[in-house]
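In: curious how this folds, go ahead:
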Amino acid sequence: MTTRRNFSRALGGAAALASLGLPFSARAQATPEFARILVGFPAGGTTDALSRRIADKLRGQYATNVMVENKPGAGGQIAITALKDGPADGSTLLLTPSSMLSIYPFTYPRLPYRLEDLAPVSVACFFSHGLGVGPAVPATVKSLKDFLAWTKANPDKANYGSPAAGSMPHLVAALLGKLTGADLKHIPYRGSAPGIQDLLGGQISAMSSPVGDFLPYLKTGKLRLLAVSGKTRNPFAPDVSTYREQGYPLTMREWYGFFLPGRASAQTVRRAAAYLPPALGQPDVISSLAQVGMEVQSSSPEQLADWLKADAEEWRRLIKQVGFTAES
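Out: Coordinates of the predicted model:
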């Protein structure tokens, strides 16, 4: 039954959607009661931070209630599989770094999903990776050259963690080892957060991870960032030189993207694509994500599909050339 309260609430909701600049076709569709954003990593990392900020913006707009569901494990594969097998009505979205789609097909012998199992909706942001060290490494180590020399002198401590085996952070550090002949042992984690905690505790020497994972600890001096992977210095850590500046030709930038199940209808994809860019473009979202090292950028589903295709081809060639695998 339509009550005065429900009618007023509907009018308020319509006004809010109009203020976000959403097209009428998206606003005219019924608002689902519940939606979830799947994240393949535990709470506390950059992926989780981004998903929760966007869920807040979509709540009451895209769906009455939008929740984040963390499904860590297998380097993000569990969440992607859950999306593939989930409902295709728009109630289940996935937020994932590009590694799982553009690198994993070439670093794992078998995957429980194919790219066709996902429907691109919008890119969310771009970010660079960094190599950071913690209390296990002497304060005199201030550059990659220092770190590599220290690991050579201390082979029992020549290790680094990454958020997932076969991911781009793993690839960056593995390539550093191949370029320099350094024997660096890789320690994979189920996301950035547990790896950063072990880095802070001195259980591992270094961590290759998104720059944003290190930012809360740089000012306190608990962690030190030795290099960043972008073409230029990172705007969130401008005092840290790039790999290339230090003489190592490694330039890599990754993105996060939103996806629906590949079985989703074109109308369902269009609806999600109408809501995500306005949510990502909110000033408080942009500023809050900057605090975790992310440069917000949205896209159309077609643009995201093109980015994914181009990235997959680029990484396929590089990975084949250097012989990198998830076990490297």
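
In: domain assignment for the protein?
Out: As assigned by automatic domain parsing, the chain contains the domains 4-127+254-322, 128-246.

In: can you tell me which of those comes nearest to Ser328?
Out: Proximity to Ser328 (C-beta to C-beta) singles out domain 128-246 among the domains of the chain, at 4.8 Å. For every residue, glycine as well, the C-beta is placed using N, CA and C.

In: centre of the chain to that closest one, how far?
Out: Between the centre of domain 128-246 and the centre of its chain there are 17 Å (C-alpha atoms, centre = their mean, to the nearest Å).

In: packing partners of the helix or strand Pro278 falls within?
Out: Pro278 is located in helix 266-280, with elements delineated by DSSP states H and E. Packing contacts for helix 266-280, counted by 3 or more C-beta pairs under 8 Å, 6 or more residues apart in numbering; DSSP states H and E, involve helix 24-28, helix 46-58, strand 118-133, strand 253-261.

In: and of these, who's closest to Val172?
Out: strand 118-133 (5.3 Å).

In: quick one, the closest one and helix 266-280 angle?
Out: If you take axes from the mean of the first three to the mean of the last three C-alpha atoms, to 10 degrees, strand 118-133 sits at 30 degrees to helix 266-280.

In: figure out how far strand 118-133 is from the centre of its chain.
Out: 4 Å.

In: what's downstream of that strand, the next helix or strand?
Out: Downstream of strand 118-133 (by DSSP H and E), the next one is helix 144-153.

In: next one: phi and psi at Thr64?
Out: phi -60, psi -40 (degrees, to the nearest 10).

In: tell me how far the residue lying closest to it once chain neighbours are set aside lies from Tyr104.
Out: Excluding the flanking residues, the one nearest Thr64 by C-beta to C-beta, 6 or more residues apart in numbering is Glu33, at 5.1 Å. Using C-beta to C-beta, to the nearest Å, Glu33 is found at 33 Å from Tyr104.

In: now Pro42
Out: From Pro42 to Tyr104 the distance is 19 Å (C-beta to C-beta).

In: likewise for Thr220?
Out: For Thr220, the distance to Tyr104 - C-beta to C-beta - is 34 Å.

In: scan the protein for its longest helix.
Out: Longest helix of the chain, by residue count under DSSP state H: helix 301-322.

In: okay, it in CSV with CA atoms only?
Out: Written as CSV, here are the backbone C-alpha positions of helix 301-322 (Å, rounded to 0.1, in the frame of the first residue of the first chain):
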residue,chain,number,x,y,z
PRO,A,301,31.7,-0.6,-19.5
GLU,A,302,33.2,-0.5,-23.0
GLN,A,303,36.2,1.5,-21.8
LEU,A,304,36.8,-0.9,-18.9
ALA,A,305,36.6,-3.8,-21.3
ASP,A,306,39.2,-2.2,-23.6
TRP,A,307,41.5,-1.5,-20.7
LEU,A,308,41.3,-5.1,-19.6
LYS,A,309,41.9,-6.5,-23.0
ALA,A,310,45.0,-4.2,-23.6
ASP,A,311,46.4,-5.0,-20.1
ALA,A,312,46.0,-8.7,-20.5
GLU,A,313,47.9,-8.7,-23.8
GLU,A,314,50.7,-6.6,-22.4
TRP,A,315,51.2,-8.8,-19.3
ARG,A,316,50.8,-12.0,-21.4
ARG,A,317,53.9,-11.0,-23.5
LEU,A,318,55.9,-9.9,-20.5
ILE,A,319,55.1,-12.9,-18.3
LYS,A,320,56.0,-15.3,-21.1
GLN,A,321,59.2,-13.4,-21.7
VAL,A,322,60.5,-13.6,-18.1
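
In: no further questions, thank you.
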